[in-house]
Structure formats: C-alpha cells, structure tokens
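Undergrad: Compute the structure for the input listed below.
(one chain, ligands or ions: 1)
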Amino acid sequence: MATLNIIYYTGTGNTADMAKYIGEGAENAGATVRLINVEEADESAVNADFIAFGSPAGGAEEVAPEMVEFIEGIKDKIFGKTVGLFGSYDWGQGGWMETWREEMINEGFSIVNDGLIIHLAVDDDEKIEKCREYGRAIAG
Ligand SMILES: Cc1cc2nc3c(=O)[nH]c(=O)nc-3n(C[C@H](O)[C@H](O)[C@H](O)COP(=O)(O)O)c2cc1C
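TA: Down below sits the predicted model:
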C-alpha cells in the first residue's frame, strides 16, 4: 500500500488542520498517511512513497524557518521527487506559496497541482473538500 507522509509547521493550528484533511483525502485514495509536525521530524520523515510539506505564510510572505531548515536537510535525499505543498495564510495573496514553489522547482522538485493555499481556518465544507481533493491528487 502506498504511504504518504505529511510534514507541516503550524503556529495556530490552521495548517495542521489542512494536513489532517489532506490526509483524509489520501486515505480515501488508498494511502497510509502519517502526519508529522516538522518540529518533531527527523530525516526518516521523508521515507514514504509520497511527501507533502505544509507551512503557513509567516514573516513577510515567508515559509516558516523551521520548514526551510528541514527541507534544506533532506532535499538531497528526495531529489527530483514530486511533492505536495500547502499552507494557510491571512492578509496576503499567496506570495509565500509562489516563492516556495519556485524555490522547490529550482531545487529539482515537481509540485502537485501548484500547491494548495487556504485562507485562515479550514472552517467550511468547500475548504475541507479542497484539502481532501489535494490529498487524493498527491496520493493518486
Ligand atoms: C508572525 C506572523 C506573520 C504572518 N505573515 C503573513 C504574511 O506575510 N502573509 C499572510 O498572508 N499571512 C501572514 N500571517 C497570517 C498567517 O499565515 C495565518 O494566520 C495562518 O492562518 C496561520 O496558520 P497556522 O495556524 O498554521 O499557523 C502571519 C501570521 C503571523 C503570526
């Protein structure tokens, strides 16, 4: 059975909720899912068939430093892989995700469906379904 590890940073829980619903979608597509907080992750967190990384917009349209540091440490291990990228944001327009995507592509990764961004909390059916759909796309 295919495995998906979802590695995320979250400050207030919104990106963690995205991870949960993305995981549900992937499970519906038949994958075995692990949700891993990046603050508790070591290199073995990327030992899976599919991998997704989540980070909210922080700083000034920046990926969480914890996530940047983690990816820096494992990028050679999974060079060339297609990965999911996702995260929650508030007042911006998703600039952090555009930058993140470009950086990952420059590092040799491909990104599933250009990533998924959700405004603030995953608090309605449409947002939940977008997350589940993204999970199915990652694991499909
Ligand atoms: C210090 C800080 C910086 C932030 N910077 C941005 C930003 O540049 N652009 C944006 O759209 N939202 C920004 N936000 C809003 C968060 O991305 C938003 O609240 C998000 O839902 C947090 O996700 P989380 O619950 O997973 O931490 C920032 C929030 C904080 C606390």
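
Undergrad: in which helix or strand would I find residue 22?
TA: helix 14-28 (DSSP states H and E).

Undergrad: what does residue 99 give?
TA: Judged by DSSP H and E, residue 99 forms part of helix 95-106.

Undergrad: hmm, who's touching that helix?
TA: 55, 57-58, 61-63, 71, 83, 85, 87, 89, 111, 114-115, 117 (C-beta atoms under 8 Å, 6 or more residues apart in numbering). Any C-beta I mention is one placed from the backbone N, CA and C, and that applies to glycine too.

Undergrad: From the contact counts, what lies against the following helix or strand past it?
TA: Next helix or strand after helix 95-106 toward the C-terminus (DSSP H and E): strand 110-111. When contacts are defined as 3 or more C-beta pairs under 8 Å, 6 or more residues apart in numbering; DSSP states H and E, strand 110-111 sits against strand 82-89, helix 95-106.

Undergrad: how close does residue 134 sit to residue 79?
TA: 23 Å (C-beta to C-beta, to the nearest Å).

Undergrad: Show me the beta-bridge partners of residue 53.
TA: residue 7, residue 85 (DSSP bridges).

Undergrad: any idea how far the ligand is from it?
TA: Per C-beta to the nearest ligand atom, to the nearest Å, residue 53 is found 13 Å from the ligand.

Undergrad: Check residue 102 too.
TA: Applying C-beta to the nearest ligand atom to residue 102 and the ligand gives a distance of 16 Å.

Undergrad: burial measure for that residue, as a count.
TA: 11 (other C-beta atoms under 10 Å).

Undergrad: residues in this protein within reach of the ligand, list them.
TA: 10-15, 56-61, 88-92, 120 (C-beta under 6 Å from any ligand atom).

Undergrad: contacting residues for the residue nearest to residue 27 when sequence neighbours are not counted?
TA: Computed as C-beta to C-beta, 6 or more residues apart in numbering, the closest residue to residue 27 that is not its neighbour in sequence is residue 33, at 5.4 Å. Contacts for residue 33 (C-beta under 8 Å, 6+ apart) come out as 3, 4, 5, 6, 23, 26, 27, 135.
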